[in-house]
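In: Quick check, what structure comes out for this input:
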Amino acid sequence: MAQNDPSSIAERALVAARKSLASRFDGAALAFVSGSIMRGEGTAASDIDLVVVFARLERAWRESFMEEGFPVEAFVHDPQTLAYYFDQDARGGRPIMAHTVATGRIIGTADELARAIQTKAAELLARGPQPLAGPSYERMRYLVSDLADDLRGDRPAAEICAIAARLYQELADLMLLGRGTWTGNGKWAPRLLARLDSKLAATFDSAFSRAFAGDSGPLLALTDMELARHGGHYFAGYRQDAPMEARLLE
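Out: So this is what the prediction gives:
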């Protein structure tokens with residue numbers, strides 16, 4: 001089997017993950033090995049996502065290291081801290097940890113516990129996000145509207161690129177969550193859009209490609225069309241209160 005064959009890379013990644021679990025996380029009950037490598041989409045340069053679960057920890061943490069030539073991103077939890085991050089990610093519309101666990105390969109000895117955690121993660125993903133509402137929704141609409149306003153009129157190409165870079169994630173979030181599906185950070189945004197609606201994803205990609213080339217017209221049209229699904233441009237009436245503790249005493 002070729003060294004760079006995806007299945008060969010996945011097997012070597014599993015060996016590296018088992019070595020990490022034994023040498024770096026002594027006493028851990030189990031781990032979930034996830035990422036593009038385990039989906040058969042990785043390369044020799046891909047990293048390993050490793051969710052390590054202990055029976056009990058004082059606090060969760062994450063760390064990065066190299067193992068057998070693979071970059072490893074380790075997220076170290078116990079069942080309670082893992083449940084906390086499942087909940088927090090879901091509230092934000094980005095179930096990163098739940099997806100990592102649900103799609104991961106189980107290693108370690110606590111198979112029954114691993115299956116129970118993985119089932120909870122899969123159930124959370126299947127439920128989908130909460131309908132958009134409240135202050136977070138208002139802020140999302142406001143930010144997209146504000147960035148769209150920045151695109152209006154004649155601007156240098158460099159400024160259009162800067163605005164489009166900020167708008168990319170905000171608009172993707174509004175599109176995905178507004179259609180009742182989970183959103184994701186970075187590279188996951190276009191992937192999730194493509195899964196949801198290939199035509200919409202192509203329009204999104206084209207609009208941003210044009211914007212990054214200095215033409216804001218298609219992106220502004222797409223943004224205005226999306227805002228129309230949410231009551232239109234939102235500026236007047238928006239308010240965001242500062243935290244009560246936002247005060248420096250002399």
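In: quick one, helices of this structure?
Out: Secondary structure of the chain (DSSP state H): helices at 6-24, 79-91, 96-102, 111-127, 134-151, 157-178, 188-196, 198-212, 217-228.
In: can you list these in TSV and add mean pLDDT and distance to Ala31?
Out: Every residue, glycine included, has its C-beta placed from N, CA and C. Formatted as TSV, the helices of the chain follow (pLDDT from 0 to 100; distance: least, C-beta to C-beta, whole Å):
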stretch	mean pLDDT	distance to Ala31
helix 6-24	89	5
helix 79-91	96	12
helix 96-102	96	10
helix 111-127	96	9
helix 134-151	96	32
helix 157-178	97	29
helix 188-196	96	22
helix 198-212	98	33
helix 217-228	97	40
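In: winner for burial among these?
Out: helix 96-102 (a mean of 23; mean count of other C-beta atoms under 10 Å).
In: can you list contacts of it?
Out: Helix 96-102 is contacted from outside by 32, 34-35, 49, 51, 75, 82, 85-86, 89-90, 117-118, 121-122, 124-125, 184-185, using C-beta atoms under 8 Å, 6 or more residues apart in numbering.
In: Stretch 20-38 now?
Out: 6, 9-10, 13-14, 17, 42, 46-55, 65, 67, 70, 72, 74, 76, 99-101, 103-111, 113-114, 118.
In: Relative to Ala236, which of the helices of the chain is closest?
Out: Within the helices of the chain, the stretch nearest Ala236 is helix 134-151; the backing value is 10.1 Å (C-beta to C-beta).
In: can you give me the angle the closest one makes with helix 217-228?
Out: Relative orientation of helix 134-151 and helix 217-228, computed by axes from the mean of the first three to the mean of the last three C-alpha atoms, to 10 degrees: 150 degrees.
In: and the angle for helix 134-151 with helix 157-178?
Out: Using the same axes, to 10 degrees, helix 134-151 lies at 150 degrees relative to helix 157-178.
In: ok, Ser136 to Leu174 distance?
Out: 11 Å (C-beta to C-beta, to the nearest Å).
In: show me the residues around His230 that make contact.
Out: Leu132, Arg141, Leu174, Gly178.
In: one more time with 10 Å, if that's ok
Out: By C-beta atoms under 10 Å, 6 or more residues apart in numbering, the contact list for His230 reads Leu132, Tyr137, Met140, Arg141, Val144, Ser145, Leu174, Gly178.
In: any chance of those residues in CSV, with distance to Pro218 too?
Out: Listed next are those as CSV, based on distance: C-beta to C-beta, whole Å:
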residue, distance to Pro218
Leu132, 25
Tyr137, 25
Met140, 21
Arg141, 21
Val144, 16
Ser145, 18
Leu174, 17
Gly178, 20
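In: Go through those residues and say which is closest to Arg195.
Out: Gly178 (15.5 Å).
In: With adjacent residues omitted, what lies nearest to the closest one?
Out: Sequence neighbours aside, Leu132 is the residue nearest to Gly178 in space, at 5.9 Å (criterion: C-beta to C-beta, 6 or more residues apart in numbering).
In: Next, the contact list for that neighbour, please.
Out: Gly93, Glu138, Met140, Arg141, Asp173, Leu174, Leu177, Gly178, Arg179, Gly180, His230.
In: Quickly note the distance from it to Gly92.
Out: For Leu132, the distance to Gly92 - C-beta to C-beta - is 12 Å.
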